[in-house]
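J.: got a structure for you, letters missing:
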């Protein structure tokens, strides 16, 4: 017995070769796969973040290429509120816009996804048209379009547009708005709802152009619902209205959460957003420390939106339905 | 009971393998009536029509600006003075396009942009696929934190960090090592500073890091590391897709002796082509129309050889004289020029989209994004 042990010990020298378990191997491989991102975070992204944060707390003065920093505390933050930039006011408008846009985009994109998911003539063509804004409606096209459709993608800027088409379109859009207002108020809805719907109609092109990705995601979610569930619903005699609320809606609810978060992030990072415009304008400003104030604004704005994302995600995730798999 | 017996179809055997069934069929008129005069049918037809109209309306809203842009960019300058001309030009002229192609050197810019966008999109797709795969298929400590950082990198608007991004790439350095080796490091203490400034391992130009501004280096670095425009979204989409790929595929590849990377390249990537095309399409198009990073990294005087497409919306030289002549409606004409530039910018994208949109829907559909 003891002999045998000695023999094996001699055959395999003291160097213990430890074979890593599959789990450890896999976790190492996992790190290797995310390595590019981690390297980027450490060498590029975190320094940028750090620089940007310190920008909002320091004053930089550059003498002959040598930069000296001077800590000023929350001075830039207070300037953002007390200066002539009207940050607080613009933040409030921006949040109002967001509170209006996000439900509108979510409802619209779910509705369109449901319709595009049904069989009909020219479905492929409609899909192709509906996702067109995903491809072209960023950056440049937004600025080109905005020369005719105003900053927020809808309001006509009469001072800029001289063709009569503008006047005509404005007239029809206000006419429709007026008609809607009269219809809904005669039906006895509150003024809040009426103004919401009429302004949603007025900014429909902006909403359509910004909901491409959301429609795509909802469509994917709808496709993943098993047709067997719908079939059994039909056999049990459920109407399509009931089927929508009892089956479709719960099944896509995880994607409502994803889309809500994506829409919030997307709508607050676009340049057409009024707060972003203010931040960019401040950045371009000539006064001393304009860039620092703009950085301070940016960080405050980011924190506010992060809080909103947190609240929305928290509320939504309470109601999200996850289908049990297996 | 007897009635039932009467209505029962009567089966007659005609020959060995032929039978004849006689029964009273409801008349065609009755059958049509039952089918088409029901409330169920009417409801369906109404819904169908409503749906079609709605979709056509929305498609109109999407396509209308393009129609206006195309029509206006083909108008003669005189048409803008004419009040009777609204959208259809009275006289066609391609002068705007001619001047864009000749004056703004459209094709040179086109190929430069194509090379840049293609390179960036390929890099972004590959590195996002790597990161997404790592997050989807491997359990390791910190995976959740990395995923959170991915979402965070998507959520922080780049606009707020403009100056910091610029500064970072103007003084690109790895924790001050380049600066130190070139003798640029300072501590504020006289004696140590003297010694530090004697270090001359790297040339003088490395003091304060390497300036990568006015080159493609910053944008390529951001692409490789998955930090460029909206890369967080691509990582998210790919992660969701890879989570839906059954583990058995990889397990069998491991059993056959492939390592993780080889499994990824030879087994996983080929079966995720639709999703990869989707991400590539996003990356390519959003890089093509990027008007944040390119102006930022090529700031100041635009370098002679590199004027990328999003910047061509300036007024071409040959049009400048005509432009001043039509003073009465110069605003409208200027806008027509901008429209022409915008169309020329996104025309290649639309052509690409027409070829790839099949995969766009397919890729997302198969992503199994739910769950």
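T.: Thanks, I have it. Computed from a predicted structure; not experimentally measured.

J.: any weak-confidence spans in the stretch 1-150 of chain B?
T.: B:1-8, B:78-85 (pLDDT under 70).

J.: ok, the residue in the stretch 151-300 of chain A positioned nearest to chain B to residue A:268 distance?
T.: Using CB to the nearest CB, the closest approach of the stretch 151-300 of chain A to chain B is made by residue A:298 at 2.5 Å. In this view, the C-beta of every residue, glycine as well, is placed from N, C-alpha and C. Noted for residue A:298: a distance of 11 Å to residue A:268, by CB to CB, to the nearest Å.

J.: Find residues that contact each of the two.
T.: Residues touching both residue A:298 and residue A:268 by CB atoms under 8 Å, 6 or more residues apart in numbering or on different chains: residue B:157.

J.: which one of the two has more residues nearby?
T.: Taking neighbours as other CB atoms under 10 Å in any protein chain shown, residue A:298 and residue A:268 compare with residue A:298 leading, 29 against 25.

J.: give me the number of residues near the nearest residue to the more buried one once chain neighbours are set aside?
T.: Nearest-residue entry for residue A:298: residue B:160, 2.5 Å, with adjacent residues in sequence omitted and distances by CB to CB, 6 or more residues apart in numbering or on different chains. Residue B:160 has 26 neighbouring residues, counting by other CB under 10 Å.

J.: cool, and residue A:270?
T.: Applying other CB under 10 Å, I find that residue A:270 has 17 neighbouring residues.

J.: so it makes contact with residue A:264?
T.: No. The pair residue A:270 / residue A:264 is not scored as a contact, 11.5 Å apart, by CB atoms under 8 Å.

J.: any residues in contact with both of those two?
T.: With CB under 8 Å, 6+ apart, residue A:270 and residue A:264 have no common neighbours.

J.: host element of the residue of the stretch 251-371 of chain B found nearest chain A?
T.: Nearest residue of the stretch 251-371 of chain B to chain A: residue B:342, at 3.3 Å (CB to the nearest CB). Per DSSP states H and E: residue B:342 is located in helix B:330-365.

J.: which element is residue B:21 on?
T.: Judged by DSSP H and E, residue B:21 forms part of strand B:18-22.

J.: C-terminal to that strand, what's the next element?
T.: helix B:28-36.

J.: re earlier: show me what contacts the residue nearest to residue A:298?
T.: By CB under 8 Å, 6+ apart, the contact set of residue B:160 is A:52, A:279, A:294, A:295, A:297, A:298, A:299, A:301, A:302.

J.: Distance check, the fifth one against residue A:95.
T.: Per CB to CB, residue A:297 is found 14 Å from residue A:95.

J.: who has more neighbours, these two?
T.: Set residue A:297 next to residue A:95 and count neighbours by other CB under 10 Å: residue A:297 wins out with 27 against 17.

J.: tell me the contacts of the more buried one?
T.: A:80, A:85, A:87, A:275, A:278, A:279, A:282, B:160.

J.: so the residue nearest to residue A:298 sits in a strand?
T.: No. In this structure, residue B:160 is helix, not part of a strand, as judged by DSSP: H, G, I helix; E, B strand; the rest coil.

J.: related to what we said a few turns ago, in helices only, show me the contacts of residue B:160.
T.: Counting by DSSP state H, those place A:52, A:279, A:294, A:295, A:297, A:298, A:299, A:301, A:302 in helices.

J.: State the number of residues packed around the residue nearest to the last one when sequence neighbours are not counted.
T.: Looking back up the chat, that one is residue A:302. Nearest-residue entry for residue A:302: residue B:156, 5.9 Å, with adjacent residues in sequence omitted and distances by CB to CB, 6+ apart. Using other CB under 10 Å, residue B:156 has 21 other residues around it.

J.: Quick check: phi and psi at residue B:156.
T.: Torsion angles at residue B:156 (phi, psi; degrees, to the nearest 10) stand at phi -80, psi 120.

J.: does it really touch residue A:303, like I thought?
T.: No. Assessed by CB under 8 Å, residue B:156 is found out of contact with residue A:303, at 10.7 Å.

J.: quick one on the thing from earlier: from the chain's centroid, how far away is the strand holding residue B:21?
T.: The chain centroid and the centroid of strand B:18-22 are separated by 63 Å, computed with CA atoms, centre = their mean, to the nearest Å.

J.: Same question for stretch A:121-132.
T.: Here stretch A:121-132 is found 23 Å from its chain centre; the criterion is CA atoms, centre = their mean.

J.: near chain B, anything from that stretch?
T.: Yes. Residues of stretch A:121-132 contacting chain B under CB under 8 Å from any CB of the partner chain: A:121, A:126, A:127, A:128, A:129, A:130, A:131, A:132.

J.: Give the buried subset of the residues you listed as a ChimeraX selection command.
T.: Selecting the buried subset of these in ChimeraX, with 16 or more other CB atoms under 10 Å in any protein chain shown as the burial test, is done by:
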select /A:126,127,128,129,130,131,132
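
J.: Among the residues of stretch A:121-132 next to chain B, which lie within helices?
T.: A:126, A:127, A:128, A:129, A:130, A:132.

J.: Save those residues as CSV, and put in pLDDT too.
T.: Formatted as CSV, these follow (pLDDT from 0 to 100):
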residue, pLDDT
A:126, 87
A:127, 84
A:128, 84
A:129, 87
A:130, 86
A:132, 85
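
J.: quick one, strands of chain A?
T.: Here chain A has its strands, by DSSP state E, at A:58-63, A:66-71.

J.: Could you do the stretch 1-150 of chain B as well?
T.: Here the stretch 1-150 of chain B has its strands, by DSSP state E, counting those that start in this stretch, at B:10-15, B:18-22.
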